[in-house]
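1. what follows is a predicted structure for the sequence shown.
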Amino acid sequence: TKREDIRNIAIIAHVDHGKTTLVDELLKQSGVFRSNQTVQERVMDSNDIERERGITILAKNTAVFYNDVKINIIDTPGHADFGGEVERVLKMVNGVVLVVDAYEGAMPQTKFVLKKALELELPVIVCINKIDRPEARPSEVIDEVLDLFIELDASDEQLDCPFVYASAKEGVAILELDHSPENMKPLFETIINYIPAPEGDPDAETQVLISTIDYNEYVGRIGVGKVDNGSLRLNQEVMLLNAHDPEKRKKVKIGKLYEFEGLKKIEVEKADIGAIVAISGIPDIHIGDTLCSLENPVPIPFQKISEPTIAMHFIVNDSPFAGQEGKFVTSRHLRERLFRELNTDVSLRVEETESTESYKVSGRGELHLSVLIENMRREGYEFAVSKAEVLYRTDENGKLLEPMETAIIDVPEEYTGTVIEKLSQRKGELQGMSTANGGYSRLEFSIPARGLIGYRGEFMTDTRGNGIINTVFDCYGPYKGDIQYRKQGSLIAFETGESITYGLFNAQERGTLFIGAGEKVYAGMIIGQNGKAEDIEVNICKRKQLTNTRSSGADDALKLTTPRILSLEQALEFIDTDELLEVTPENLRIRKKILD
Ligand code: GDP
């Protein structure tokens with residue numbers, strides 16, 4: 001049976017290309033095209049609440065209506081794969097919308113997810129967003145996207161994909177550049193017409209693969225998946241098959257059953273083929289488990305979860321300013337929040353350490369962890385982080401392996417020499433170089449994850465905030481040997497216009513460390529030669545841009561908030577200097593003293 005009343009899609013977009021704005025706009029306009037108006041009001045309500053709380057508007061799952069068709073929109077991580085997550089998510093959908101900034105073009109992080117989508121033979125709709133931008137170059141971006149499709153071995157059908165131009169900000173979409181925009185209707189229609197309805201056998205035995213886990217403190221773990229075959233009913237008894245070992249099975253009862261509407265979960269009695277459902281009442285439900293009938297339990301195979309490659313320590317911030325901006329500052333807060341994250345992120349590890357104030361957090365690359373850090377800080381958690389360390393492995397012959405990343409770098413031509421030199425010192429190998437737009441060059445490196453640690457801040461300085469660096473985990477490769485580079489720089493403690501930030505600065509790796517809380521804190525980095533105060537150069541970047549490891553241009557990235565630069569002597573007053581060269585939890589014990 002085909003469910004013509006459902007479309008299941010995923011949106012793929014690079015950070016900042018407008019996914020949230022787009023989905024928000026689809027939500028807003030959803031009711032406009034629907035006969036039943038009550039749902040629209042509800043959606044709007046929940047939307048406002050989310051806005052007030054200042055949390056991400058785009059929930060993991062959102063459903064919008066166009067006429068009487070329900071479009072389930074599933075969020076994909078916009079960055080590298082965090083442990084097979086991308087593939088599991090894409091298995092729930094019948095097509096994807098690739099959102100690309102009409103100026104920036106396709107970015108490497110989307111390349112990874114796009115590749116998976118193409119491999120799974122999903123049809124793709126390309127949505128060129130931000131066409132209202134004066135510098136927009138939609139036709140060129142289309143050519144670039146098509147080149148990328150070819151590079152990623154897209155099929156002929158996939159190459160023949162529809163293009164929709166949009167300005168999510170203005171709430172409009174058009175199919176041809178010379179059309180006059182009115183609303184999002186062209187995008188809605190393209191989705192309905194181009195993405196196939198989900199299919200399955202309603203009379204077959206029930207099969208639901210749990211693709212993601214949601215967590216709610218009142219009902220606990222909530223498994224989310226698509227009904228592949230059969231149906232699910234409230235209170236129905238089903239077999240839960242363990243992802244890793246299908247022999248491990250258990251009879252469970254469906255507690256509550258939900259489908260998505262707008263940003264909410266709506267309780268339902270029964271869910272049929274093609275529905276994206278959320279199931280509560282099964283405490284030990286895990287990603288990759290299959291729910292199936294008692295009589296004939298057959299597991300659905302799933303993508304194995306990958307192991308972490310990098311670790312950082314998250315440390316309670318005991319500075320005298322703790323609590324001024326953040327809401328959650330104690331070790332218990334930090335612990336609870338980190339362990340809660342494990343409910344929904346399967347590729348993350350959290351371990352206790354000897355210190356009750358420090359937790360070791362491991363994930364899939366620096367980016368994975370920086371997304372978590374960013375989210376937690378937005379929520380009001382105050383903590384410090386140590387420098388990242390990579391997790392080594394050995395191959396079957398005992399040879400040491402280390403995680404390798406691909407770095408794609410866009411820089412103005414005049415800086416390419418510096419970047420190549422710096423990355424070569426860090427064992428990066430230049431794989432390719434091409435000319436991008438507006439006097440920019442694009443460099444592609446294969447580099448040990450180790451070599452990138454602490455590099456981003458330096459990169460920002462070296463390129464005067466005009467460079468963009470994107471990195472993606474590639475593979476485990478043979479250990480590349482010691483990395484040594486010029487010893488340079490010193491330490492920091494400084495004040496920005498909005499609040500005071502300190503950090504320790506590793507002289508060997510010119511790095512940045514963020515300490516602070518709340519949206520407004522700016523992170524910074526000071527670079528000095530020989531530790532002389534007068535040589536200190538300050539580079540203040542908005543935290544968001546740093547942790548996203550990209551900047552959207554000089555004016556934004558180098559927003560100097562006239563920091564008060566302390567002399568080296570003054571700065572040292574606030575930091576234990578004995579072990580300045582190594583960033584360890586111990587070094588982070590900053591003396592409790594107020595800067596005035
Ligand atoms: P996401 O990271 O992909 O979810 O991106 P957001 O939806 O948060 O958008 C990132 C930024 O781009 C925000 O400042 C938006 O206001 C802006 N933006 C989104 N869509 C458009 C658009 O169509 N035109 C313009 N000019 N800006 C947009």
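-> Now that the structure is in, tell me what you want to look at.

2. every contact and neighbour count from this point should use C-alpha atoms.
-> Fine.

3. quick check: residues of this protein near the ligand?
-> Residues of the chain lying close to the ligand (CA under 6 Å from any ligand atom) are 13-21, 129-130, 132-133, 167-169.

4. can you flag which of the residues you listed belong to helices?
-> Among the residues of the chain next to the ligand, DSSP state H puts 19-21 in helices.

5. from those residues, which shows the smallest pLDDT?
-> On pLDDT alone, residue 20 ranks lowest of these, at 84.

6. against residue 213, how distant is that residue?
-> Per CA to CA, to the nearest Å, residue 20 is found 21 Å from residue 213.

7. between these two, which is the more surrounded one?
-> Set side by side, residue 20 and residue 213 show more neighbours around residue 213, with 22 against 19, by other CA atoms under 10 Å.

8. OK, contacts around the more buried one?
-> 221-224, 286-287, 343-345 (CA atoms under 8 Å, 6 or more residues apart in numbering).

9. pLDDT wise, what is it at?
-> 81.

10. ok, and for the host helix or strand of it, which residues are buried?
-> With secondary structure defined by DSSP states H and E, residue 213 is part of strand 207-216. For strand 207-216, a neighbour-count test (16 or more other CA atoms under 10 Å) marks 207-215 as buried.

11. so of the residues of the chain next to the ligand, which ones are in strands?
-> 13, 129, 167 (DSSP state E).

12. lowest pLDDT pick from the residues you listed?
-> Within the set of those, pLDDT is lowest for residue 13 (85).

13. sorry, back to before: in a markdown table: the ones in strands among the residues of the chain next to the ligand, plus neighbour count and distance to residue 263.
-> What follows is these, written out as a markdown table (neighbours: other CA atoms under 10 Å; distance: CA to CA, whole Å):
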| residue | neighbour count | distance to residue 263 |
| --- | --- | --- |
| 13 | 28 | 19 |
| 129 | 28 | 22 |
| 167 | 25 | 22 |
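
14. dump those residues to TSV, plus distance to residue 173.
-> Formatted as TSV, these follow (distance: CA to CA, whole Å):
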residue	distance to residue 173
13	17
129	9
167	6
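
15. ok, the residues you listed vs residue 399, which is closest?
-> Taking CA to CA as the measure, residue 399 lies nearest residue 13 of these, at 37.7 Å.

16. surely the closest one meets residue 110?
-> Yes: counting by CA atoms under 8 Å, residue 13 touches residue 110, with 6.0 Å between them.

17. and the helix or strand that contains residue 278 with strand 207-216, angle?
-> Assessed by DSSP H and E, residue 278 sits inside strand 276-280. Per axes from the mean of the first three to the mean of the last three CA atoms, to 10 degrees, the angle that strand 276-280 makes with strand 207-216 is 60 degrees.

18. just checking, what packs against the next helix or strand after strand 276-280?
-> On the C-terminal side of strand 276-280, the nearest following helix or strand under DSSP H and E is strand 290-292. When contacts are defined as 3 or more CA pairs under 8 Å, 6 or more residues apart in numbering; DSSP states H and E, strand 290-292 sits against strand 207-216, strand 237-241.

19. quick one on the thing from earlier: how far away from the center of its chain is the strand holding residue 213?
-> Relative to its chain's centre, strand 207-216 lies at 19 Å (CA atoms, centre = their mean, to the nearest Å).

20. do stretch 120-131 as well
-> When distances are taken as CA atoms, centre = their mean, stretch 120-131 is centred 19 Å away from the chain's centroid.

21. quick one: the ones in helices among the residues of the chain next to the ligand as CSV, columns for distance to residue 115 too.
-> Listed next are these as CSV, based on distance: CA to CA, whole Å:
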residue, distance to residue 115
19, 19
20, 22
21, 24
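
22. by mean pLDDT, which helix or strand of the chain comes out lowest?
-> The helix or strand of the chain with the lowest confidence, counting by mean pLDDT, DSSP states H and E, is helix 554-557 at a mean of 24.

23. nearest to the ligand: which residue in the stretch 351-500 of the chain?
-> residue 371 (11.9 Å; CA to the nearest ligand atom).

24. residues near that residue, how many?
-> Neighbours around residue 371, by other CA under 10 Å: 15.

25. same check, this time on residue 225
-> 28.

26. skip the chain neighbours and tell me the closest residue to it.
-> residue 210 (4.5 Å; CA to CA, 6 or more residues apart in numbering).

27. who touches that neighbour in this structure?
-> Residue 210 touches 223-226, 286-291, counting by CA under 8 Å, 6+ apart.

28. rerun that using 7 Å as the cut-off
-> Taking CA atoms under 7 Å, 6 or more residues apart in numbering as the criterion, residue 210 is in contact with 223-225, 287-290.

29. so where do the strands sit in the stretch 251-400 of the chain?
-> Along the stretch 251-400 of the chain, the segments classed as strands by DSSP state E, counting those that start in this stretch run 256-261, 264-267, 270-271, 276-280, 290-292, 310-316, 349-352, 358-363, 383-385, 389-390, 393-394, 400-412.

30. do the same with the stretch 401-550 of the chain
-> Under DSSP E, counting those that start in this stretch, the stretch 401-550 of the chain gives strands at 429-435, 440-448, 468-478, 492-495, 500-503, 522-527, 537-542.

31. same question for the first one: list its buried residues.
-> Taking 16+ other CA under 10 Å as the neighbour-count basis, strand 429-435 is seen to contain the buried residues 429-430.

32. sheet partners, orientation included, of it?
-> strand 440-448 (antiparallel) (DSSP bridges).

33. what's next to the partner strand, contact-wise?
-> 402-413, 427-436.

34. in the sheet, who's paired with the closest residue to residue 11 other than its chain neighbours?
-> With sequence-adjacent residues excluded and distances taken as CA to CA, 6+ apart, residue 11 is closest to residue 97, at 4.8 Å. Under DSSP bridges, the beta-bridge partners of residue 97 are residue 11, residue 125.

35. who's in contact with residue 97?
-> Residues in contact with residue 97 (CA under 7 Å, 6+ apart) are 10-12, 124-127.

36. what is the neighbour count of residue 133?
-> 12.

37. now swap in residue 387 and tell me
-> Neighbours of residue 387 (other CA under 10 Å): 23.

38. same thing with residue 135?
-> Neighbours around residue 135, by other CA under 10 Å: 11.

39. report pLDDT for the spatially closest residue to it that is not a sequence neighbour.
-> Sequence neighbours aside, residue 103 is the residue nearest to residue 135 in space, at 6.2 Å (criterion: CA to CA, 6+ apart). Residue 103 carries a pLDDT value of 91.
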